[in-house]
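Enquirer: Fold the stuff below for me.
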Amino acid sequence: MRPKSSQYVARVRPNVWEVVSLIARQNRQVLQIHGANAVRAFGLSTQMPLIPIYYTSGPSRSLFIGKAEVRLVHAAPKVMQCAGTEVGTAISALFYLGKDGSSPECIAAIKKMLRPEDIVKLMACKMPKWMRMALEA
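Expert: Model (predicted):
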């Protein structure tokens, strides 16, 4: 990892996602945004985890990039569907919210951020019954 130069600050660390995705590609693993960040991306929450967390198809572990810790959490294949896309982010957010947290307002906000073709792709994914019923309502 080499710090990048900036005109405002002497040295800037590289993007955590870029470094972690490079490590995942080298290990032939898939990465997905964590549910907390996915919910934040859809504007449903303002909270942000202190330690960056990503779902992975590999084993759970912690990495240190410089002095910064990054956690990789093993996730089930249902959560890893369409990883790295808007549809994958929506799936991650819905699993994070859970059956009780996915209110009609949350579902509407997620659908609003997705393109029509993404919604079709989302509905084609394997998901629990509660999630499908919430999306169809």
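Enquirer: From now on I want contacts and neighbour counts done on CA atoms only, so please keep to that.
Expert: OK.
Enquirer: Report how many residues lie close to Phe42.
Expert: For Phe42, the number of neighbouring residues by other Cα atoms under 10 Å comes to 18.
Enquirer: nearest spatial neighbour of it, skipping sequence neighbours?
Expert: Computed as Cα to Cα, 6 or more residues apart in numbering, the closest residue to Phe42 that is not its neighbour in sequence is Ile110, at 6.0 Å.
Enquirer: Okay, and the one you found sits in which element?
Expert: Per DSSP states H and E: Ile110 is located in helix 104-113.
Enquirer: For that helix, which residues meet the burial criterion?
Expert: Judged by neighbour count (16 or more other Cα atoms under 10 Å), helix 104-113 contains these buried residues: 106-107, 110-111.
Enquirer: Going by contacts, tell me the helices and strands next to that helix.
Expert: helix 129-136 (3 or more Cα pairs under 8 Å, 6 or more residues apart in numbering; DSSP states H and E).
Enquirer: contacts for the helix ranked longest in the chain?
Expert: The residue-count maximum for a helix in the chain (DSSP state H) belongs to helix 86-101. Here helix 86-101 makes contact (Cα atoms under 8 Å, 6 or more residues apart in numbering) with 32-39, 79-83, 102, 110, 114, 118-119, 121-122, 130-131.
Enquirer: repeat that for 7 Å
Expert: Residues outside helix 86-101 that contact it (Cα atoms under 7 Å, 6 or more residues apart in numbering): 33-36, 38-39, 79-82, 102, 110, 118, 122, 130.
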